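Trainee: Curious how this folds, go ahead:
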Amino acid sequence: MEKNTKKGFFFKKYEAPNLSPFDKLFEIFKELITHTSGDFEEAIDWLRQLDVEYKLTDANYTIDDFIEDLKKKGYIREELKDDGTSGTGITAKTERAIRQQALDQIFGNLNKSGSGNHKTKYSGSGDEQTGEFRAYNFGDSLDTISLTESLRNAQINNGVDDFHLTENDLVVEDSQFKSQMSTVLMIDISHSMILYGEDRITPAKKVAMALAELITTRYPKDTIDILVFGNDAWPIAIKDLPYLKVGPYHTNTVAGLQLAMDMLRRKRNTNKQIFMITDGKPSCVREKDGTYYMNSNGLDEYIVEQCYNQAAQARKLHIPITTFMIANDPYLQKFVNRFTEANQGKAFYTGLKGLGEMIFEDYETNRKKKIK
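Mentor: You can find the predicted model right below:
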């Protein structure tokens with residue numbers, strides 16, 4: 001009896017992954033702990049409020065059960081607060097989980113690899129064979145010569161009876177350099193990052209955590225350093241990103257650029273770049289005597305000229321600056337345009353939505369070319 005087999009697509013209602021009660025709450029908790037800058041008590045208060053509104057738990061598994069599981073699994077620990085009282089803080093395990101979640105949210109589920117796997121368009125004495133051959137050139141390393149292909153050429157060109165090998169018979173197996181990139185990510189933590197009822201610092205933190213996780217896991221040959229700038233600029237460790245807060249600061253873009261270039265001068269990689277996330281105009285510089293000159297009214301010519309000078313200095317050092325401006329004021333765009341022209345870098349005028357994807361795409365693009 002002939003059997004008829006039908007092929008096609010079968011559609012059904014979406015079914016969410018079968019997560020345990022802990023995993024469901026942990027996904028929400030990681031988001032909350034990022035918004036609260038690592039404040040565990042505040043995050044749990046928010047979680048309890050969400051539980052009341054959306055019935056996240058039941059009698060079999062409560063918020064208190066969740067907190068107990070966090071302790072057992074090593075995600076939280078007892079610690080002393082700055083005021084001397086006891087409290088609860090997150091561990092390095094939670095910090096890693098937050099960075100991975102940011103990576104998944106912004107850049108998608110990217111697989112790890114043992115080393116950087118993006119190549120430049122330049123061939124030569126690289127560290128990965130392409131499987132293609134080219135004629136031998138003076139200066140090519142002897143260990144790159146393909147003996148089999150070279151002998152084959154010699155037989156074809158000179159015959160078997162009078163066999164001899166000449167330079168014209170030699171071929172080498174081509175290879176490509178894996179580009180290595182040193183990146184400094186600058187994050188504006190001036191007060192304007194939380195003004196006008198918009199939280200701009202949390203998306204910036206997420207982008208920084210995602211980029212750091214991407215580079216350390218997928219491109220371990222690359223380097224990333226992160227600095228924040230307000231009245232001054234200072235470096236922060238990747239592990240400190242979840243705790244990053246906005247301060248009562250002006251915007252000293254010059255100090256941030258100077259520190260970024262100092263960091264990159266110490267790197268041996270040829271390819272270097274600066275990413276700057278900011279939402280406001282430069283409004284502060286530090287004078288030689290240690291005092292601060294500040295002006296928040298419009299664009300102060302004295303301050304912006306120093307910004308242009310730093311952009312030009314970075315260009316001399318072959319360090320392109322990509323500015324991600326989270327603002328759309330015409331006069332600020334005019335400043336960024338001139339700043340970008342002085343550096344010959346790039347600028348993106350963006351809201352908070354899509355910021356991570358834009359930074360990722362620009363990072364990937366820059367890795368695939370020689371920055372000179």
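
Trainee: so who does the residue nearest to the spatial centre of the chain touch?
Mentor: Centroid-nearest residue in the chain, with CA atoms, centre = their mean: L211, separated by 2.1 Å. By CB atoms under 8 Å, 6 or more residues apart in numbering, L211 lies in contact with 183, 185, 224, 275, 359-360, 363. C-betas here are computed from N, CA, C, even on glycine.

Trainee: How about D169?
Mentor: 150-151, 153-154, 157-158.

Trainee: before we move on, the earlier item: among the contacts of L211, which one is most surrounded by other residues?
Mentor: Among the contacts of L211, the one with the most neighbours (other CB atoms under 10 Å) is T183, at 28 neighbours.

Trainee: all helices for the stretch 251-372 of the chain, in order.
Mentor: 253-265, 301-316, 330-343, 355-367 (DSSP state H, counting those that start in this stretch).

Trainee: Quick one, which of the contacts of D169 are buried?
Mentor: Neighbour counting over these (16 or more other CB atoms under 10 Å) leaves 150, 153-154 as the buried ones.

Trainee: which among those gets closest to E198?
Mentor: Nearest to E198, judged by CB to CB, of those is S150 at 65.0 Å.

Trainee: And the average pLDDT for stretch 266-285 is what?
Mentor: The pLDDT scores in stretch 266-285 average 91.

Trainee: Okay, buried residues for the helix or strand hosting the residue nearest to the centre of the chain please.
Mentor: Secondary structure from DSSP states H and E places L211 in helix 201-218. Under the neighbour-count criterion of 16+ other CB under 10 Å, helix 201-218 has 201-215, 218 buried.

Trainee: Also stretch 323-341?
Mentor: Buried residues in stretch 323-341, counting neighbours by 16+ other CB under 10 Å, are found at 323-327, 332, 335-336, 339-340.

Trainee: Where does pLDDT dip in the stretch 101-250 of the chain?
Mentor: Within the stretch 101-250 of the chain, the segments meeting pLDDT under 70 span 108-132, 139, 174-178.

Trainee: Which stretches in it count as helices?
Mentor: Assigned by DSSP H, counting those that start in this stretch, the helices in the stretch 101-250 of the chain fall at 147-158, 201-218.

Trainee: Turn the ones you listed into a markdown table, including distance to A311.
Mentor: A markdown table is the format used below for those (distance: least, CB to CB, whole Å):
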| stretch | distance to A311 |
| --- | --- |
| helix 147-158 | 49 |
| helix 201-218 | 21 |
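
Trainee: Please name whichever of the ones you listed is nearest to S20.
Mentor: Nearest of the helices of the stretch 101-250 of the chain to S20, taken as CB to CB: helix 201-218 at 23.9 Å.

Trainee: That closest one to helix 355-367, inter-axis angle?
Mentor: Helix 201-218 runs at 40 degrees relative to helix 355-367, counting by axes from the mean of the first three to the mean of the last three CA atoms, to 10 degrees.

Trainee: Contacts only, for I201.
Mentor: Here I201 is in contact with 187, 189, 193-194, 244-246 (CB under 8 Å, 6+ apart).

Trainee: Among these, which one sits closest to D64?
Mentor: K245 (28.3 Å).

Trainee: unless I'm mixing things up, the closest one is touching S37, no?
Mentor: Yes: proximity of K245 to S37 meets the contact threshold set by CB atoms under 8 Å, at 5.0 Å.

Trainee: So the two - more neighbours on which side?
Mentor: Neighbour count, other CB under 10 Å: between K245 and S37, S37 has more, with 17 against 14.

Trainee: Count the residues that sit near N60.
Mentor: 7.

Trainee: Return the per-residue confidence for the residue nearest to it when sequence neighbours are not counted.
Mentor: Of all residues not flanking N60 in the chain, P21 sits nearest, at 7.7 Å (CB to CB, 6 or more residues apart in numbering). The model reports P21 with a pLDDT of 95.

Trainee: ditto for A260
Mentor: 98.

Trainee: What distance do you get for it to Q49?
Mentor: Using CB to CB, to the nearest Å, one gets 40 Å for the distance from A260 to Q49.

Trainee: Looking at those two, which is more packed in?
Mentor: Neighbour totals were compared for A260 and Q49, and A260 leads with 28 against 10 (other CB under 10 Å).
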